[in-house]
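Undergrad: what's the 3D shape of this:
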Amino acid sequence: MFGAKGNKYFTKTKNSRWIKPLIICVLYSACLELLQKFSPGRSIDIYDFFANVMGAIFGVIVFYIFNKNNLVISKLIL
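TA: This next block holds a predicted model:
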């Protein structure tokens, strides 16, 4: 999200700043779940995929709130 904030590709429209990183997170989660099929002792779990998607949505919402209120990461660390 920090990278998308200043990138011209992600900021073409107001909503694309939030939608495109979310889509990337969902696709990444889907790829990880599919790769688990080829790992011994692991299996594809649709609930794990949904948990990852919910985490991505939560992350976008939290970033939006922090960005809207101009809270900087350095303030959070202290």
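Undergrad: going forward, measure contacts between C-alpha atoms and count neighbours the same way
TA: Fine.
Undergrad: quick one: least confident helix or strand in this structure?
TA: Least confident helix or strand, the chain: helix 73-77 with a mean of 55, by mean pLDDT, DSSP states H and E.
Undergrad: need the single longest helix in this protein, by residues.
TA: helix 46-68 (DSSP state H).
Undergrad: report all helices and strands that it contacts.
TA: Packing partners of helix 46-68 (3 or more C-alpha pairs under 8 Å, 6 or more residues apart in numbering; DSSP states H and E): helix 16-35.
Undergrad: could you tell me the angle between the helix it packs on and helix 46-68?
TA: Here helix 16-35 points in a direction 160 degrees away from that of helix 46-68 (axes from the mean of the first three to the mean of the last three C-alpha atoms, to 10 degrees).
Undergrad: could you check how far residue 37 is from residue 31?
TA: 10 Å (C-alpha to C-alpha, to the nearest Å).
Undergrad: about what we covered before: quick one: average confidence on the longest helix of the chain?
TA: For helix 46-68, the mean pLDDT works out to 87.
Undergrad: ok, stretch 27-40 next?
TA: 91.
Undergrad: which outside residues touch it?
TA: 42, 43, 44, 45, 49, 52, 53 (C-alpha atoms under 8 Å, 6 or more residues apart in numbering).
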